[in-house]
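**Q** Sharing a sequence plus its predicted fold:
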Amino acid sequence: MRILLIAGILLAGCLARLHANYILLPMDESSQHNHLKAYGITYWAISSGAEAYWLLNYRGGSFAFVYTPTFEKECKTRDVSYEVIADAQFAAIREEILNPEVNMDVIKLEKAPKIAVYSPDKNEKGEVIQPWDDAVTMVLTYAEIPYDVVYDTEVLQGKLSEYDWLHLHHEDFTGMFGKFYASNSSQPWYREHVRMMEGLARENGFDKVSELKLAVAKRIAEYVS
């Protein structure tokens, strides 16, 4: 009898999954314990071809996408809080959100944006830049959202057109090397940085770093306009 009862419970769970058409990622503080990973899961689901929805102002701006066992497994793997809901329940949620008397909305997410981060390989001191050196790249890395790193050469080659979103680190576009000049102009690392940037300018057909940075700034301005 006990075996039959357990089998019945398992069967009921399986049937529930068959009728559960959506995964809901709640984003309210009390329900979601890994918000950044939830963004990454949604990005990954969209990249996999799933229909996803951003439920603005509903439980903290929750996300929902079509249920598959693979998506559910990934939520567990990335330790993201989720709820499996039936199609009828999701329809009711959408009806609630689309009520003109409430300040909520449903946004269909159809494309995972391709992200570029404008950054050199090394900082002024010659240290290799790591994802945790910038808040945005640290978040993207933790959330498992892919991005490419581009710098002056890629910008001048017109590669920004391949991306939907560009993030800029703190960058001196004057090309005057003024940030550390007063205190470090005699330091070997400072001189090496100047030498490297002057070489980059020449590689791209400019006599001065200031000319290179001006051209790059104009290309970025064109991209965001």
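**A** Arrived safely. None of the values given here were measured: they were computed from a predicted structure. Residues are numbered from 1 along each chain as shown.
**Q** Kindly list the single helix or strand of this protein that scores lowest on mean pLDDT.
**A** Of all helical and strand segments in the chain, the minimum by mean pLDDT, DSSP states H and E falls on helix 2-19, at a mean of 47.
**Q** What segments of the chain are strands?
**A** 22-25, 52-56, 62-66, 83-85, 105-109, 115-118, 148-150, 165-168 (DSSP state E).
**Q** What is the fourth one packed up against?
**A** Packed against strand 83-85 by the contact rule (3 or more CB pairs under 8 Å, 6 or more residues apart in numbering; DSSP states H and E) you find strand 22-25. Yep, even glycine has a C-beta here, placed from its N, CA and C like the rest.
**Q** For the strand it packs on, which strands pair with it and how are they oriented?
**A** strand 62-66 (antiparallel), strand 83-85 (antiparallel) (DSSP bridges).
**Q** Switch the strands of the chain over to a markdown table; also include distance to His193, mean pLDDT and mean neighbour count.
**A** Formatted as a markdown table, these follow (distance: least, CB to CB, whole Å; pLDDT from 0 to 100; neighbours: other CB atoms under 10 Å):
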| stretch | distance to His193 | mean pLDDT | mean neighbour count |
| --- | --- | --- | --- |
| strand 22-25 | 43 | 98 | 24 |
| strand 52-56 | 42 | 98 | 19 |
| strand 62-66 | 42 | 98 | 23 |
| strand 83-85 | 51 | 97 | 17 |
| strand 105-109 | 41 | 97 | 13 |
| strand 115-118 | 17 | 97 | 20 |
| strand 148-150 | 18 | 96 | 15 |
| strand 165-168 | 19 | 94 | 14 |
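**Q** Adding distance to Leu140, write those strands out as JSON lines.
**A** Below are the strands of the chain laid out as JSON lines (distance: least, CB to CB, whole Å):
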{"stretch": "strand 22-25", "distance to Leu140": "18"}
{"stretch": "strand 52-56", "distance to Leu140": "18"}
{"stretch": "strand 62-66", "distance to Leu140": "17"}
{"stretch": "strand 83-85", "distance to Leu140": "26"}
{"stretch": "strand 105-109", "distance to Leu140": "17"}
{"stretch": "strand 115-118", "distance to Leu140": "7"}
{"stretch": "strand 148-150", "distance to Leu140": "11"}
{"stretch": "strand 165-168", "distance to Leu140": "8"}
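**Q** Off-centre distance for stretch 202-209?
**A** Centre-to-centre, stretch 202-209 and its host chain are 33 Å apart (CA atoms, centre = their mean, to the nearest Å).
**Q** now do the same end-to-end measure for it.
**A** End-to-end span of stretch 202-209 (CA to CA, to the nearest Å): 8 Å.
**Q** which parts of that stretch are buried?
**A** 204, 206, 209 (16 or more other CB atoms under 10 Å).
**Q** Same check on stretch 76-91?
**A** Of the residues in stretch 76-91, 78, 80-85, 90 count as buried by neighbour count, 16+ other CB under 10 Å.
**Q** quick one: which of those is nearest Pro120?
**A** Arg78 (30.8 Å; CB to CB).
**Q** Name the nearest residue to that closest one, ignoring sequence neighbours.
**A** Nearest residue to Arg78, sequence neighbours excluded (CB to CB, 6 or more residues apart in numbering): Lys37, at 4.7 Å.
**Q** roughly how far apart are that neighbour and Tyr82?
**A** Lys37 sits 11 Å away from Tyr82 when distances are taken as CB to CB, to the nearest Å.
**Q** just Gln157 next, same as before
**A** In terms of CB to CB, Gln157 sits 41 Å off from Tyr82.
**Q** How about Gln32?
**A** Gln32 is 9 Å from Tyr82, by CB to CB.
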